[in-house]
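Student: starting from these lines, generate the structure:
(one chain, ligands or ions: 1)
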Amino acid sequence: MSYFSTRGGAAVTASQAILSGIAPSGGLYVPGIYPQVSLQWIDSLTRMSYPERAAAVLSLFLEDYTPAEIQEAVNAAYSPERFDDAQIAPLRKLDGNTWLMELFHGPTLAFKDMALQLLPHLIRLAARKNGEEREIAILVATSGDTGKAALEGFRDVPGTSCTVFYPAEGVSDIQQLQMTTTGGNNTRVIAVEGNFDDAQTGVKELFGSLDFRARMAEKGRVLSSANSINFGRLVPQVVYYFSAYADLINAGEIVCGEPLNFSVPTGNFGDILAGEYARRMGLPVGRLLCASNRNNVLTDFFNTGIYSVHRLFYKTTSPSMDILVSSNLERLLYEAAGRDGELVRVWMRQLREVGSYSIGEQRLEELRKVFAGDYAEERDVVRAIHAVHEQTGVVIDPHTAVATHVLHNYRQHSGDARPGVIVATASPYKFCADVLRALRGDAAAEGLDAFACAEKLEQLSGVPVPAQIRELREKPVNHRMRCSKKPVDMADAVLAD
Ligand SMILES: *Cc1c(COP(=O)(O)O)cnc(C)c1O
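Tutor: Sure thing, here's the model as predicted:
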């Protein structure tokens, strides 16, 4: 199968798409076709472990990887040493027709691990297949969770290095500590004086800069990306949509063929796009609910067909979704445009030059058959955390709370009571103070540091504080670099020895 660029042209293999991360035109790689699966194939997943399900899905996309390579990679990535739940992506029932899909059982306690534990293996294999002997220099812009997950994935992986840019004032205390205490001799963590969009725009410019690439090449390094623009981030995420479906069949909750709705807390549109890929492959999916926080650019897009960044940027309690320019939407636009790369190129140019584009009524109508966009205000997040704890005893994080609110609203307004899966993207322990405030009022967290808040959450939830959080208190801070949001400064920060 060939991979094409969303902005036209390019026909590369899966391993080439994964190795380079982004197409030369600035577009994103998409598969030439969506492999089709039958209900029988889906039913066969019910008898498999998570790594086996992953191998089954991956092998449909990664045609130039051997079955043995894929099997070895998924076994290494989804191992009991790395995930604290044997199911890897367990479902937890909240009520008669609602489940949480918990994607935060990996080393960094957020769903980014689902892809970033696997990506280093896929990149290493891709380098070998393509005779790439230079150091693979991974550049990452993070809104909080990708950074640590990438650092953990690539730490001390031979032949690679990993540089992470995070917004200096835009991540939670725990997220920042997780990143700045990272060890490894090939990692670098840099605070950018700006917000996530500044960091992401800067990194995209570095990818597009021939001068920067040349300076990296002089040092024997070649660039790649661990952001969700890399197809290698997307394909591991397709797996858990199938896995959740198989688990619900096993639990006797659905019969094979019955559609499920998913509510997905969305920032860069990577997670939910993987759900759309699963649907296009044949997974019975009813609606995909695109759940945003107050930065609701995607809600407006799904309601009007107009994407516009002329709006205020808000810092919220769900920082991993504080994003105005949602990169992966480009892959959906490519389908909405009937795979016309020229048209996507025009929209992306308009976005760059005037800050908005419109896809038109007809295309919007098509998208809305599957997608529904909605958002949660901060007070809705607080209420959702509180209500879920009250009704079920389960403590959810603010990102998951956004999706919970949106599913609830959707059901009320549409009357669609199909089984619904809320994608739970982070452990509440990553956002202890905000979660504690939501459960017990603002005063409850006053004067407490993140660790003290974690202790209190443990009492409330009965779930032990994860070791990854406890350990942070003792770990030395190894990374203190800062730079401005100017791409030249970011380039110098990467090139400095
Ligand atoms: C990254 C992230 C999201 C958003 O996922 P996208 O793929 O960027 O849409 C939501 N919640 C958490 C906790 C995240 O880390």
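Student: thought V435 was touching V382, still the case?
Tutor: No: applying CB atoms under 8 Å, one finds V382 not in contact with V435, separated by 9.6 Å. For the C-beta atoms, the positions are set from N, CA and C on the backbone; glycine is no exception.
Student: the two: who's more crowded?
Tutor: Higher neighbour count among V382 and V435: V435, with 31 against 22, using other CB atoms under 10 Å.
Student: how about that one, phi and psi?
Tutor: Main-chain dihedrals, V435, degrees, to the nearest 10: phi -70, psi -40.
Student: can you check the one 5 residues further on too?
Tutor: Listed backbone geometry of R440 is phi -130, psi 10, with angles given as degrees, to the nearest 10.
Student: what about it, how many residues close to it?
Tutor: If we define neighbours as other CB under 10 Å, then R440 has 15 of them.
Student: where in the stretch 251-400 of the chain is pLDDT low?
Tutor: Across the stretch 251-400 of the chain, nothing is flagged by pLDDT under 70.
Student: strands along the stretch 1-150 of the chain, start to end?
Tutor: Taking DSSP state E, counting those that start in this stretch as the criterion, the stretch 1-150 of the chain contains strands spanning 3-5, 29-31, 91-95, 98-102, 135-141.
Student: make TSV from the ones you listed and add mean neighbour count and mean pLDDT to it.
Tutor: Formatted as TSV, the strands of the stretch 1-150 of the chain follow (neighbours: other CB atoms under 10 Å; pLDDT from 0 to 100):
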stretch	mean neighbour count	mean pLDDT
strand 3-5	22	97
strand 29-31	24	97
strand 91-95	15	98
strand 98-102	22	98
strand 135-141	23	94
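Student: figure out which of these is closest to G275.
Tutor: strand 98-102 (10.4 Å; CB to CB).
Student: what's in contact with that closest one?
Tutor: 85, 89-94, 240, 244, 248, 253, 394, 396, 400, 407, 419-424 (CB atoms under 8 Å, 6 or more residues apart in numbering).
Student: just the buried ones from those?
Tutor: Neighbour-count burial (16 or more other CB atoms under 10 Å) applied to the contacts of strand 98-102 gives 89-91, 94, 240, 244, 248, 253, 394, 396, 400, 407, 419-424.
Student: out of these, which are inside strands?
Tutor: Counted as lying in strands by DSSP state E, out of the buried ones among the contacts of strand 98-102, are 91, 94, 420-424.
Student: closest to E276 among those residues?
Tutor: E276 lies nearest to V423 out of those, by CB to CB, at 13.0 Å.
Student: now do the contacts for the residue nearest to S427 when sequence neighbours are not counted.
Tutor: Closest residue to S427 apart from its sequence neighbours, by CB to CB, 6 or more residues apart in numbering: L109 at 4.0 Å. By CB under 8 Å, 6+ apart, the contact list for L109 reads 426-427, 429-430, 466, 468-469.
Student: go back to these and keep what's next to the ligand.
Tutor: A426 (CB under 6 Å from any ligand atom).
Student: can you give me the neighbour number for the closest residue to the ligand within the stretch 101-250 of the chain?
Tutor: Nearest residue of the stretch 101-250 of the chain to the ligand (CB to the nearest ligand atom) works out as D145 at 3.2 Å. Using other CB under 10 Å, D145 is surrounded by 28 other residues.
Student: right, and it touches G106 too?
Tutor: No: assessed by CB under 8 Å, D145 is found out of contact with G106, at 10.6 Å.
Student: shared neighbours of those two, anything?
Tutor: Counting by CB under 8 Å, 6+ apart, nothing touches both D145 and G106.
Student: for T13, phi and psi?
Tutor: phi -80, psi 170.
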